[in-house]
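S.K.: got a predicted model here, sequence first, then my questions.
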Amino acid sequence: MNMKKLFSIFGNIALVGLLTSAAGAADTAGLDPALVLALLTEKGGATSHTAIIARQLGIPCVVGVAGALELVPGVGVLVDGTTGTVDASADADDAHARVAADRAARAALDSWTGPAETTDGVRIKLLANVADGESARLSSGAPVEGVGLFRTELCFLDRRDEPTVDEQAAIYGEVLDAFTGPGRYVVVRTLDAGSDKPIAFATLEDEENPALGVRGLRLAVNNPGLLERQLDGIAAAARASGTETWVMAPMVATVAEAADFAARVRERGLKAGVMVEVPSAALLADRMLEVVDFLSIGTNDLTQYTMAADRLASDLAHLTDPWQPAVLQLIATTAVAGQQAGKSVGVCGEAAADPLLAVALVGMGVTSLSMAAAAVRPVGAQLSAVSSETCREAAAAALAAADPMAGREAVRAVVTG
Ligand code: PEP
Ligand code: MG
């Protein structure tokens, strides 16, 4: 992180904040939510890992704020991490009133204890996205049925050497142990190193275009044993904890990759899936489902690769928007394939945390939604207020919309009747 200033910030809202030109995933992971009440960056996209980790920590974060570093210390800044807005000229009384209203709205949702079920009784699994044992323990108190995305690479951002199988088993075990109990399960994602999550022991250096390079499952090819040792660690942790464990691979582009990965996972007695993050995987979802047990749609990368727009670029936020109809079309294709195969298709990208979009995703046939724990109640309460017919109408409206703004308005109209 190249620049820091301490500030007065009111935000979802806060009193002391941190301003920076850019923050890497490792920088953000080290922030203490008790000290840093909001984070503003000049650069970055809404689905950059900086933003994702801040959300996970419960720190209101707005990225890509032009002029953030010019803000004057001592001036109150109202930061709304939900709408992504920053107001440096907010009247102090108004700002405190909005902070209080936000707290009251959150407190009102505390009484929502799940499970998520439409008014006509269709159940949708809500799951948590976690980064390590600590976030898993915090998330286990939310009304979730388990973990839909354990980003294992985030455990190793500061590691120079690959942890041994035993060390890995202990680290993964902390997450699994937080979700023991009937009906609960954890989806562990194998290392998604590379691009904006460099891991010293796994990432290729000096790639010309790392987002399109050797990241995710592709790292296994030139790192003999890396994937096997991780799978051994996961399997050992699963045996020790007794928690139902599913394992999925990131950045899968071909059916052959999916089949090869699934065989290695099943050899260890675990349930195997792949992420749908590359458009080729969505287009071939039916064939992917012939070789795996489940799919999980990573809308952050699926959006980046469908729209050919870097998820880290603040100038491209209008394209890196999961409401883009082309992205929604690929999600719908994947969900329909899941329904036809009778297999689970979840969404674990940030799109799952948007209550309005969640309604449309369920209408497309998605069976689970995984998100930062803070988003679970707003999403669950919204889904429990609509019928499955409304979800289907919302899906049709979003898919037919000309652009993201029209999609949001059309779905809002369907949901509010
Ligand atoms: C995604 O791409 O949507 C996803 C969940 O993976 P990550 O954000 O870690 O790339
Ligand atoms: Mg991804």
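M.R.: Structure's in. What do you need? Numbers count the residues shown, from 1 in each chain. Ligands and ions are numbered 1, 2, ... in the order given.

S.K.: from residue 321, how far out is the residue nearest the centre of the chain?
M.R.: Centroid-nearest residue in the chain, with Cα atoms, centre = their mean: residue 349, separated by 3.8 Å. Counting by Cβ to Cβ, to the nearest Å, the gap from residue 349 to residue 321 is 12 Å. Where C-beta positions appear, they are placed from N, C-alpha and C, glycine not excepted.

S.K.: quick one: contacts for the closest residue to residue 184 other than its chain neighbours?
M.R.: Among residues not flanking residue 184 along the chain, residue 146 sits closest, at 4.5 Å (Cβ to Cβ, 6 or more residues apart in numbering). Applying Cβ atoms under 8 Å, 6 or more residues apart in numbering to residue 146 gives the contacts 125, 127-128, 179, 184-187, 244.

S.K.: and what of residue 144?
M.R.: 114, 126-128, 373, 376.

S.K.: CSV please, covering the contacts of residue 146 and showing distance to residue 222, secondary structure and pLDDT.
M.R.: Below are the contacts of residue 146 laid out as CSV (distance: Cβ to Cβ, whole Å; DSSP: H, G, I helix; E, B strand; the rest coil; pLDDT from 0 to 100):
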residue, distance to residue 222, secondary structure, pLDDT
125, 36, strand, 98
127, 32, strand, 98
128, 33, strand, 97
179, 33, coil, 98
184, 36, coil, 97
185, 32, strand, 98
186, 29, strand, 98
187, 26, strand, 98
244, 32, strand, 97
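
S.K.: the residue nearest to residue 184 pairs with what?
M.R.: residue 185 (DSSP bridges).

S.K.: how close does it get to residue 353?
M.R.: 16 Å.

S.K.: show me where the stretch 251-400 of the chain dips below the pLDDT cut-off.
M.R.: By pLDDT under 70, the stretch 251-400 of the chain has no low-scoring segment.

S.K.: that one: strands as residue ranges?
M.R.: For the stretch 251-400 of the chain, applying DSSP state E, counting those that start in this stretch gives strands covering 271-276, 294-297, 344-347, 368-371.

S.K.: out of the contacts of residue 144, who's near ligand 2?
M.R.: For ligand 2, no contacts are drawn from the contacts of residue 144 by Cβ under 5 Å from the ion.

S.K.: who wins for neighbours among these?
M.R.: Of all these, residue 128 has the most neighbours under the rule other Cβ atoms under 10 Å, reaching 31 neighbours.

S.K.: separation between the residue lying closest to that one once chain neighbours are set aside and residue 290?
M.R.: In space, and not counting its chain neighbours, residue 128 is closest to residue 139: 3.7 Å by Cβ to Cβ, 6+ apart. For residue 139, the distance to residue 290 equals 33 Å [Cβ to Cβ].

S.K.: please identify which of the two sits among more neighbours.
M.R.: Legend: neighbour count by other Cβ under 10 Å for residue 139 and residue 290, higher for residue 139 (25 against 13).

S.K.: what pLDDT does that one get?
M.R.: Here, the pLDDT recorded for residue 139 equals 96.

S.K.: same deal with residue 202?
M.R.: 88.

S.K.: mind checking how far it is from residue 133?
M.R.: 21 Å.

S.K.: my guess is residue 88 contacts residue 70, does it?
M.R.: No. Applying Cβ atoms under 8 Å as the test, residue 88 and residue 70 come out as separate, 9.3 Å apart.

S.K.: which of the two has more neighbours?
M.R.: Taking other Cβ under 10 Å, residue 88 and residue 70 do not tie; residue 88 has more neighbours (18 against 9).

S.K.: and the more buried one, backbone torsions?
M.R.: phi -90, psi 0 (degrees, to the nearest 10).

S.K.: next up, the contacts around it.
M.R.: By Cβ under 8 Å, 6+ apart, the neighbours of residue 88 are 71, 75, 77-78.
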